[in-house]
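Undergrad: A structural model of the following input is requested.
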Amino acid sequence: MLEVRHLQVLCSIAQEGSLAGAARALHYSQPTITHHLATMEAYLDARLVQRGPRGAMLTELGESLLPHAEAVRERLRHAEREVRGLAEHGRRTLHIGTFPTAGALLLAPAVKRLHQQGVHIALTEGELPLLLRGLRARELQAALVFSQPGDRLDLDEDFELHPLLTDPLLLVMPQGHPCAALDRVPLVDLRDTHWVGAADPHDPCDRVLSWACGQQGFQPVHAMRTDDYAVVQGLVAAGTGVALIPRLALGSPRADLVVRPPAGPDLAREISVAVLRSTSAGSAQELVSALQEQAALVTARWGATG
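TA: Below is the predicted model of the structure:
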């Protein structure tokens, strides 16, 4: 029958583009690579790799086997991490990712609950692209993620996505701004106002802002950019510009700021937790339950404070 090393060889040939490259990557001799490939092809009675003067590429049959081979390798890596975690900490280890604002308000209580259940947490913090890469590489078993209208997370069927809350995007303005007296602010009224945005111009909130302003016939002009929401609020209070901030990141607004929803269609991001299906059922369910309970508390708090 097929062995793990046979599947490793197939994956390495696909990645390296040659038998010699696969040999170097796996620290095998090239005859060993050739032997394992021949064993696979003989067992399946199928040609899996087409060799040529410029290297090697998988045949159609090899391509059909590749995702199964990669899944086996990832499952073994996951098992390895879990066993090593048990050996190191004497309890299961759950590798979780989060973006900063969700980590502070949603994840922290869940971590406490999991610790009480005997689960060790290995935490990775970063922006959404980093978390998605970690999930796809199976380096993370779960992660707090978000999406906005038109966005796709592009996670495969090995993941379950559990919705947590809708996080509205709110306008933050300095006291005394001409629009501060309005209950809801039309974006077109901010046509001539400077904005404080994220360090990355492709930040999801900035993209939503650009889209929404585009519907009103203009594009926002950014005076400053930073990823620190406390700095954003400080810059807005100082009169540098206005900003669009997720409610989750706003915390308790400063007294020298005015917070208003934009007029028109609600702008928001959907926050969820993505969980790898192969994660221990007990740990996964405990994590999802704890996050959903905390998300409900946060949503209720928002309702109480308006």
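
Undergrad: What's the mean pLDDT across the helix or strand hosting Ile271?
TA: Mapping Ile271 onto the secondary structure by DSSP states H and E places it in strand 268-276. Strand 268-276 shows a mean pLDDT of 93.

Undergrad: ditto for stretch 34-53
TA: Mean predicted lDDT for stretch 34-53 stands at 92.

Undergrad: what's it in contact with?
TA: Identification of contacts with stretch 34-53 by CB atoms under 8 Å, 6 or more residues apart in numbering yields 1-2, 5-6, 9-10, 13, 19, 56-59, 61-62, 65. C-beta coordinates here come from the backbone N, C-alpha and C atoms, glycine included.

Undergrad: what distance separates the start and the end of that stretch?
TA: One end of stretch 34-53 to the other measures 16 Å (CA to CA, to the nearest Å).

Undergrad: Which positions in it come out as buried?
TA: For stretch 34-53, burial by neighbour count (16 or more other CB atoms under 10 Å) applies to 34, 36-37, 40-41, 48-49.

Undergrad: So which of those residues are in strands?
TA: Those of the buried residues of stretch 34-53 mapping onto strands are Val49, per DSSP state E.

Undergrad: circling back to that earlier point, could I have the CA atoms of the strand holding Ile271 written out in CSV?
TA: Below are the C-alpha coordinates for strand 268-276, written out as CSV (Å, rounded to 0.1, in the frame of the first residue of the first chain):
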residue,chain,number,x,y,z
ALA,A,268,-19.9,46.6,8.8
ARG,A,269,-17.6,43.6,9.0
GLU,A,270,-18.7,40.2,10.0
ILE,A,271,-16.5,38.6,12.6
SER,A,272,-16.3,34.8,12.8
VAL,A,273,-14.0,32.0,14.1
ALA,A,274,-12.6,29.6,11.6
VAL,A,275,-11.9,26.1,13.0
LEU,A,276,-10.0,23.3,11.4
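
Undergrad: Quick check: next helix or strand after that strand?
TA: Sequence-wise, the next helix or strand downstream of strand 268-276 (DSSP H and E) is helix 281-305.

Undergrad: got the contact list for the strand or helix carrying Val111?
TA: Taking DSSP H and E as the criterion, Val111 maps to helix 108-116. For helix 108-116, the external contacting residues (CB under 8 Å, 6+ apart) are 94, 96, 121, 123, 283, 286-287, 290-291, 293-294.

Undergrad: can you put the residues you listed in JSON lines and add pLDDT?
TA: Formatted as JSON lines, the contacts of helix 108-116 follow (pLDDT from 0 to 100):
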{"residue": "Leu94", "pLDDT": "84"}
{"residue": "Ile96", "pLDDT": "93"}
{"residue": "Ile121", "pLDDT": "86"}
{"residue": "Leu123", "pLDDT": "89"}
{"residue": "Ser283", "pLDDT": "80"}
{"residue": "Glu286", "pLDDT": "86"}
{"residue": "Leu287", "pLDDT": "90"}
{"residue": "Ala290", "pLDDT": "91"}
{"residue": "Leu291", "pLDDT": "94"}
{"residue": "Glu293", "pLDDT": "92"}
{"residue": "Gln294", "pLDDT": "92"}
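
Undergrad: which residues pair with the residue lying closest to Asp266 once chain neighbours are set aside across the strands?
TA: Sequence neighbours aside, Pro168 is the residue nearest to Asp266 in space, at 6.4 Å (criterion: CB to CB, 6 or more residues apart in numbering). With DSSP bridges as the criterion, Pro168 is bridged to Ala268.

Undergrad: so what's the nearest residue to Ser29 once chain neighbours are set aside up against?
TA: Spatially, and ignoring its direct neighbours in sequence, Ser29 is nearest to Ala23 (6.1 Å; CB to CB, 6+ apart). Ala23 makes contact with 29-30, 32-33, according to CB under 8 Å, 6+ apart.

Undergrad: sorry, back to before: so of the contacts of stretch 34-53, which ones are in strands?
TA: Going by DSSP E, the strands hold 56-58 from those.

Undergrad: are any of these buried, and which?
TA: Buried subset of those (neighbour count, 16+ other CB under 10 Å): 56, 58.

Undergrad: ok, of the ones in strands among the contacts of stretch 34-53, which one's closest to Glu74?
TA: Distance to Glu74, by CB to CB, is smallest for Leu58 among the ones in strands among the contacts of stretch 34-53, at 18.2 Å.

Undergrad: Pass me the low-pLDDT residue ranges in the stretch 201-306 of the chain, would you?
TA: By pLDDT under 70, the weakly predicted segments of the stretch 201-306 of the chain are 304-306.

Undergrad: hang on, the earlier thing: buried stuff in the helix holding Val111?
TA: 110-111, 113-114.

Undergrad: Angles on the backbone of Pro261, please.
TA: Dihedral angles phi and psi of Pro261 (degrees, to the nearest 10) take the values phi -80, psi 150.
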